[in-house]
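Output the structure for:
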Amino acid sequence: MPMTCRIDFQDHVISQELLALVSEWNKALTQPQHVFPFMQWCKRKSSTICYLIRCSIPVFAAIAAYAYFVDLSAGFDLSAALTASQLTVTIRWLAMSAAFIFIASRFAAFITHTVERSLGRFGRFQAIELTKGDQNRQTKLMAKNSRSFWKFIACGAIAIVWNVVGGVLTAIMLRKVQQ
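Numbers count the residues shown, from 1 in each chain. Next comes the predicted model:
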């Protein structure tokens, strides 16, 4: 842990002894446990990661809704006038798609909030452990770091799975329409 110390004494011997004492005290402080380079990178890029999660989930939901409409409207006769049943199907699709995209955006906001919180809390430690209370606090901080790490991994995995499943379903529906 970097530390600076300035001592202004008239007596050079006392200042050297005090500097040595502070230097030894600084070396005796608890050092943080090694943090994974991946988590350090994620913490630095947390705003970008959260932006991608917040935007990608609703975008894939909208793409999936569009692909479903393309699949749904494949049976429509485009040369004839719009029938009441086609209009009903289209309005029903529009309402369901709006609800689906809204739910996806709320889900993305929840995942993003959890990722931001877990990245913000990860890596904390207590440098000074003088009493048993300090040691207990350090133990609690280590447990919180572990929970934050696993929450981040779980939320990232959920977002990736959501996007992959949405992409695969979209591809399947569009391929079925093209055949």
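
residue boundaries of the helices in the protein?
12-28, 37-44, 46-72, 84-121, 132-178 (DSSP state H).

Return the list of helices and strands in contact with the shortest one.
Of the remaining helices and strands, those touching helix 37-44 by 3 or more CB pairs under 8 Å, 6 or more residues apart in numbering; DSSP states H and E are helix 132-178. Any C-beta I mention is one placed from the backbone N, CA and C, and that applies to glycine too.

if we can go back for a sec, most tightly packed of the helices of the chain?
helix 46-72 (a mean of 17; mean count of other CB atoms under 10 Å).

what residue ranges in the chain score low on pLDDT?
1-10, 25-26, 28-36, 123-132, 134, 177-179 (pLDDT under 70).

Give me the domain ranges for it.
When the chain is parsed with automatic domain parsing, its domains come out as 1-30, 36-178.

For residue 71, which non-adjacent residue is spatially closest?
Leaving aside its sequence neighbours, residue 71 sits nearest to residue 173 (CB to CB, 6 or more residues apart in numbering; 4.5 Å).

contacting residues around the one you found?
64, 67, 68, 70, 71 (CB atoms under 8 Å, 6 or more residues apart in numbering).

ok, now how distant is it from residue 166?
11 Å (CB to CB, to the nearest Å).

and for the two, which residues touch both?
Joint contacts of residue 173 and residue 166 (CB under 8 Å, 6+ apart) are residue 64.

Spatially central residue for the chain, please.
residue 115 (3.0 Å; CA atoms, centre = their mean).

Just give the closest residue to that residue, not the sequence neighbours.
residue 155 (4.9 Å).

Spit out the contact partners of residue 169.
64, 67.
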